[in-house]
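In: Fold the following, please.
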Amino acid sequence: MAQQPGESAQELRQRAEEMLRQSEDTLQNAQSPEAAQQLLHELRVHQIELEIQNEELRRSQHDMDVLRARYFDLYNLAPVGYITLNEQGRIVEANLTSANLLGVARSELVKWPLSHFIFSEDQDRYYLYCKQLTETAGRTDVCELRMVRADGSFFWANLQAIGIDEVPEYRIVISDCTRQKLDEIEVRASKELWEKTFNAMPEIITIQDNKMHIVRANEAANQFFQVEPGELNGKYCYEVFSGTSSPCSGCPQLKTLKDRGEHFAVITHENRGKTFYISSALISTENGDIQYIVHVAKDVTEQRKMEEELCQAHKMEAMGTLAGGIAHDFNNILAAILGFSEFAIRDLPEDSKAREDIEQVISSGQRAVELVKQILTFSRKAEQQRHPFQPHVIIKEALKMLRSILPTTIAIEEHIDPESGSIFADPTSIHQIVVNLCTNAYHAMDNEKGTLTVSLSRKEIHKEDSIESDVVPGSFVKLSIQDTGSGMDKKTMARIFEPYFTTKETGKGSGLGLAVVYGIVKTLHGFIKVESEPGQGATFSVYIPALEEVAAIPPEQTELKDLPRGIERILVVDDEPIIVSLNTKMLERFGYRVTATTSSKEALEKIHAQGDDFDLVITDQTMPNLSGVELAREILNIKPDMPIILCSGYSSVVTEDEALASGIKRYVMKPLDIRTLVKMIREVLDEN
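Out: Numbering: from 1, shown residues only. Got it, this is the predicted structure:
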């Protein structure tokens, strides 16, 4: 008798007892002993079958217990949490792992809704996930959210639902992905930091493949090339920088691709008017193959410009030092030329041809004196001395000088209004403005042919006139210099007043002339207007504020015969013999008794030996052994009341204020004008 499928042990026992009763009835009704014996045999066979079946059942039960224990271990000790939820989302079963994950005893989890353990900010996400479970019969993607432990701490978890057939329940697999999530957050943060750093770099940075295709560009590159992010990707480096179809000359990337080293270069892209400092470095794969090239371009246009300007400034400083030295020697030469010319002209009759020639020598010498002043002013060795004057006089003198310099093929037209008014400025500065603007106009005329027109007039400037914001409307003296040269376009006009900017070929200008003019005009509170068109020449109009009162024109020079005379004793000290000779001759003609020497040491010895024999000392500043100031100090130590006049062609050691503060009575610049010196000597002697 075999046990039927699904039949319990109790049911099996009842069926066996029924069969036994039937067997007993059959045995009683048996007709013969043989039939009874046969029935007994069958009963014994059934008994044996039952015993065998019982043994199999016991063995199956044992196997079932083993499997149940194994399942218990696998289920409860699985590396992930298993939770079974009913339709209401409450926990009906949970393994030990899920209990450990949530920090709650397994028995306490049952009947709790799983939402109780979901982080508050992720409740909406969990709600949508549960809704998706219902709609898809348990087939959902992984849901990533934060779960809360019993102690209040949280962890990141992945929820994966598994539907249970024919039962309205769901098994949720919970896996702790906190470490993975934190790693992702760290990687994302690192990536964001890299992105921010990459885009914050002011240099133009592009990452390129080994074919020089751009695969990535930072924000600075996008802004420089005025493109949207990603628009440069796929383009060649040289295509976007220089607009060419081949790599730039001296490109460091080619060297990096060749030897895999870091390389640098300074490249100027004429099409962009920019100079870049380029660096190139390699990014390799794990196998050592070339993966990317990092190309960094730093715009050094302004830096290079500043370096060039600094270099020019150093040159100008050297020129200034040289100019000062030249001025000292040149002043001595001019002093001799002017001094002896003055003496010679006194002995010539008024209508003498030679007198006219010497007058031209004196006039040229005086212009040379002004030129030296300009050199010293330019080299910052002399201070500008502003005072009211009528500029038309200076402008005419400057044009006379220019006429002798410029080619005769350049015609000079003058429209100078002598009634244009007065200004407050240094005459040397106005002279410099005229010379610089006229020289610039001359250089603008091709083949040294054309017309240079110089005009001077008075102009009223009103608020409605288009003037610079820092200019006060009012009366101005307008100086206009017009040429018939090549003219300029607007791009060039925008830069003409920049220091060292020039459109001239090498050797025809330093690019400083107009910058100097602009600087001078600004210090005078004026402004400049420029009008020009290509091929139409140019007009520079300089506006300088006019004074309300007209300055008096300097009077004619005093005749030598009318200058004051004297009989005092004067010690003259200068290391140039020709100056000593000139001053001796000049002062003796005015009645003074002169002792002269070319040695400052010898002059000091004379003061020691016979100091009372001198009423005045005139000394040069720049001399061997003792300078003029040093000699003056020694003399004043011996004779504190000795009046001293200090003459200087150029000195970087002492200023006029310093000289006067040391006890020197007068400070005068060379070359010495006879009239100025004679008047000064008389003033000093009379004061003393």
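
In: for the longest helix along the chain, what is the average pLDDT?
Out: The single longest helix within the chain, with elements called by DSSP state H, is helix 301-346. Regarding helix 301-346, the rounded mean pLDDT is 77.

In: quick check, distance from that helix to the centre of its chain.
Out: The chain centre lies 35 Å from the centre of helix 301-346; the measure is C-alpha atoms, centre = their mean, to the nearest Å.

In: Quick one: end-to-end distance for stretch 240-253.
Out: End-to-end distance for stretch 240-253: 15 Å, by C-alpha to C-alpha, to the nearest Å.

In: With stretch 229-239 instead?
Out: Span of stretch 229-239 from end to end, C-alpha to C-alpha: 17 Å.

In: follow-up on the earlier one: tell me the helices and strands packed up against the longest helix of the chain.
Out: Secondary-structure packing of helix 301-346 (3 or more C-beta pairs under 8 Å, 6 or more residues apart in numbering; DSSP states H and E): strand 274-284, helix 353-378, helix 577-589, helix 674-687. Where C-beta positions appear, they are placed from N, C-alpha and C, glycine not excepted.

In: Thought residue 618 was touching residue 647, still the case?
Out: Yes - taking contacts as C-beta atoms under 8 Å, residue 647 lies within contact range of residue 618: 6.6 Å.

In: Next, the angle from the longest helix of the chain to helix 577-589.
Out: 40 degrees (axes from the mean of the first three to the mean of the last three C-alpha atoms, to 10 degrees).

In: Between helix 674-687 and helix 301-346, find me the angle.
Out: 80 degrees.

In: If you compare the directions of helix 301-346 and strand 274-284, what angle comes out?
Out: 150 degrees.

In: shift numbering so it begins at 6
Out: OK, 6 is where the count begins now, so the last one is helix 306-351.

In: So which bits of stretch 91-103 are buried?
Out: Within stretch 91-103, the residues scored as buried using 16 or more other C-beta atoms under 10 Å are 94-96, 98-103.

In: between the helices and strands packed on helix 306-351, which has the poorest average model confidence?
Out: helix 358-383 (a mean of 74).

In: Helix or strand next in line after it, which one?
Out: Using DSSP states H and E, the helix or strand that directly follows helix 358-383 along the chain is strand 392-394.

In: Quick check: neighbours of that following strand in the sheet, parallel or antiparallel?
Out: strand 428-430 (antiparallel) (DSSP bridges).

In: Report the buried residues of the helix or strand just after the partner strand.
Out: Next helix or strand after strand 428-430 toward the C-terminus (DSSP H and E): helix 432-449. Neighbour-count burial for helix 432-449, counted by 16+ other C-beta under 10 Å, picks out 432-443, 445-449.

In: Show me what helix 432-449 packs onto, helices and strands only.
Out: Judged by 3+ C-beta pairs under 8 Å, 6+ apart, helix 432-449 is in contact with helix 358-383, helix 396-410, strand 455-466, strand 479-488, helix 518-528, strand 543-550.

In: check contacts around residue 533.
Out: If you count contacts by C-beta atoms under 8 Å, 6 or more residues apart in numbering, residue 533 has them with 502, 522-523, 526, 545-548.

In: export those residues to JSON lines and tack on pLDDT and distance to residue 158?
Out: JSON lines is the format used below for these (pLDDT from 0 to 100; distance: C-beta to C-beta, whole Å):
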{"residue": "502", "pLDDT": "75", "distance to residue 158": "71"}
{"residue": "522", "pLDDT": "85", "distance to residue 158": "78"}
{"residue": "523", "pLDDT": "84", "distance to residue 158": "73"}
{"residue": "526", "pLDDT": "87", "distance to residue 158": "76"}
{"residue": "545", "pLDDT": "92", "distance to residue 158": "81"}
{"residue": "546", "pLDDT": "93", "distance to residue 158": "82"}
{"residue": "547", "pLDDT": "93", "distance to residue 158": "81"}
{"residue": "548", "pLDDT": "93", "distance to residue 158": "80"}
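
In: Do a quick rundown of the strands in the stretch 6-155 of the chain.
Out: 86-90, 96-99, 148-153 (DSSP state E, counting those that start in this stretch).

In: returning to that earlier point: return the closest of the contacts of residue 533 with respect to residue 414.
Out: Nearest to residue 414 out of the contacts of residue 533 is residue 545 (C-beta to C-beta; 21.2 Å).

In: Let me know how buried the closest residue to residue 594 other than its chain neighbours is, in neighbour terms.
Out: With C-beta to C-beta, 6 or more residues apart in numbering as the criterion, residue 594 has its nearest non-adjacent residue at 7.6 Å, and that residue is residue 348. Around residue 348 there are 16 other residues, counting by other C-beta atoms under 10 Å.

In: And residue 348, how far from residue 587?
Out: 8 Å (C-beta to C-beta, to the nearest Å).
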